[in-house]
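# Whatever this is, show me its structure:
(one chain, ligands or ions: 2)
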Amino acid sequence: MKVTVVGAGNVGATVANVIALKGFASELVLLDIKEGVSEGKAMDMMQTSHMMNFDTTIVGCTNDYSKTADSSVVVITSGIPRKPGMTREQLIGTNAGIVKSVVDQVLQYSPNAIFVIISNPMDTMTYLALKASGVPKNRIIGMGGMLDSSRFRYYLSQALGCTPTDVDGMVIGGHGDKTMIPLARFATYKGIPVSQLLDKETIDKVVADTMVGGATLTGLLGTSAWYAPGAAGATVVEAIVTDAKKLIPCCAYLEGEYGETDVCVGVPVVLGKNGIEKIVDVKLNEEEQKLFDASVAAVRTMNAALADVLK
Ligand SMILES: NC(=O)c1ccc[n+]([C@@H]2O[C@H](COP(=O)([O-])OP(=O)(O)OC[C@H]3O[C@@H](n4cnc5c(N)ncnc54)[C@H](O)[C@@H]3O)[C@@H](O)[C@H]2O)c1
Ligand SMILES: O=C(O)C[C@H](O)C(=O)O
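Ligands and ions are numbered 1, 2, ... in the order given. As a prediction, this is how the structure comes out:
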């Protein structure tokens, strides 16, 4: 199975490296617009293959989409990341044009590809990719909820004093500092509802920390995080390539689910060889539904800024 990653920066290169280490793709193409970056990172990764015991062939190319031909899955990380103090939404002016041009060029060589959109503002970039490409909605997937849920599980594990692998939790809604919704009501520690183990104040702080998890790391790093985003992107690709039928919160196009239409936003989906196999309609309580509706309204406002790009 051939996978392409567009954008060989911090996130894209990490997506590629994790995919190689997981070993589920036979060929991986890394493409960037910057001369030599993809070729260098691909070669560097290949020189780890005997030590890390993977047989994936990783090829780098500079803006040569012919090398990406017949990719089953294409991950889009091209675009600028935010600086400390910025919102993801502020990236739209630069990234919308980049994402549209990349989608157009990918489709010339891989018309049947499944797209995993990572570039920010991700919910709006996902909507842009869907509308600009005309690709069926099951083949346009935004990655944000997988990452946000991993941060939610991390912060819960810190509060519980346990390993993150023993904690389960899901984040839905937009991938924004004010729009994501960590679903505390459903979070568990080895099946035990966390509400039985943590007081409300602690849970509220975990939720608040999760929502700004990206901004916290950008403040520390001076740019967007890349290890967890890269691993989250690779996990989404793995579920598709291995036809895992795995439930992962992803940004998906809604046509009535959760009471919303014509918007891409984070919801629980089942991922498999067809991309989004199913949207899982979780019953939200009144407070959760209100948060979801407000989140969607904020994403719609961002989508309105696409008018020129989608003309
Ligand atoms: N959805 C998420 O959860 C999530 C997580 C982390 C980062 N991000 C976003 O991913 C994007 C990339 O972040 P990063 O930290 O890797 O940035 P980066 O600057 O390290 O890498 C971006 C790469 O894109 C390349 N690029 C720019 N225009 C291009 C084009 N037209 N074609 C091909 N490549 C092009 C650049 O040369 C650069 O190498 C940002 O928008 C960031 O906000 C999203
Ligand atoms: O927060 C960012 O700027 C990047 C990404 O969306 C993240 O959540 O890490």
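# Please enumerate the strands of this structure.
Taking DSSP state E, the strands of the chain run over residues 2-6, 27-32, 57-62, 73-76, 114-117, 140-142, 167-168, 171-173, 180-182, 188-189, 192-193, 246-255, 261-272, 275-279.
# any chance of those in CSV, plus distance to T87?
For the C-beta atoms, the positions are set from N, CA and C on the backbone; glycine is no exception. Output for the strands of the chain, formatted as CSV (distance: least, C-beta to C-beta, whole Å):
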stretch, distance to T87
strand 2-6, 23
strand 27-32, 25
strand 57-62, 31
strand 73-76, 20
strand 114-117, 18
strand 140-142, 17
strand 167-168, 28
strand 171-173, 15
strand 180-182, 13
strand 188-189, 31
strand 192-193, 33
strand 246-255, 17
strand 261-272, 17
strand 275-279, 27
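# Show me which residues of this protein are close to ligand 1?
6-12, 32-34, 37, 77-82, 91, 95, 98, 101-102, 118-120, 122, 143-144, 147, 175, 223-226, 229 (C-beta under 6 Å from any ligand atom).
# What about ligand 2: which of those touch it?
Filtering the residues of the chain next to ligand 1 for proximity to ligand 2 (criterion: C-beta under 6 Å from any ligand atom) leaves 81-82, 120, 147, 175, 224-225, 229.
# from those, which is closest to M51?
P229 (24.2 Å; C-beta to C-beta).
# Would you check that I181 makes contact with G169?
No: applying C-beta atoms under 8 Å, one finds I181 not in contact with G169, separated by 11.4 Å.
# quick one: which of the ones next to ligand 2 among the residues of the chain next to ligand 1 is nearest I248?
Distances from I248 to those, taken by C-beta to C-beta, are shortest for L147, at 10.5 Å.
# distance of the residue nearest to the closest one when sequence neighbours are not counted from P249?
Closest residue to L147 apart from its sequence neighbours, by C-beta to C-beta, 6 or more residues apart in numbering: A232 at 4.0 Å. According to C-beta to C-beta, to the nearest Å, A232 stands 10 Å off from P249.
# Now the common contact residues for these two.
M146 (C-beta atoms under 8 Å, 6 or more residues apart in numbering).
# contacting residues around G173?
Here G173 is in contact with 179-181, 265-266, 291-292, 295-296 (C-beta under 8 Å, 6+ apart).
# Find me the pLDDT at the closest residue to T188 other than its chain neighbours, would you?
Nearest non-adjacent residue to T188, counting by C-beta to C-beta, 6+ apart: D168, 5.0 Å away. Per-residue pLDDT puts D168 at 98.
# With the one 3 residues further on instead?
You'll see V171 listed with a pLDDT of 98.
# isn't T57 right up against A25?
No: contact criterion C-beta under 8 Å: T57 and A25 do not qualify, at 9.0 Å.
# More neighbours: which of the two?
A25 (27 against 15; other C-beta atoms under 10 Å).
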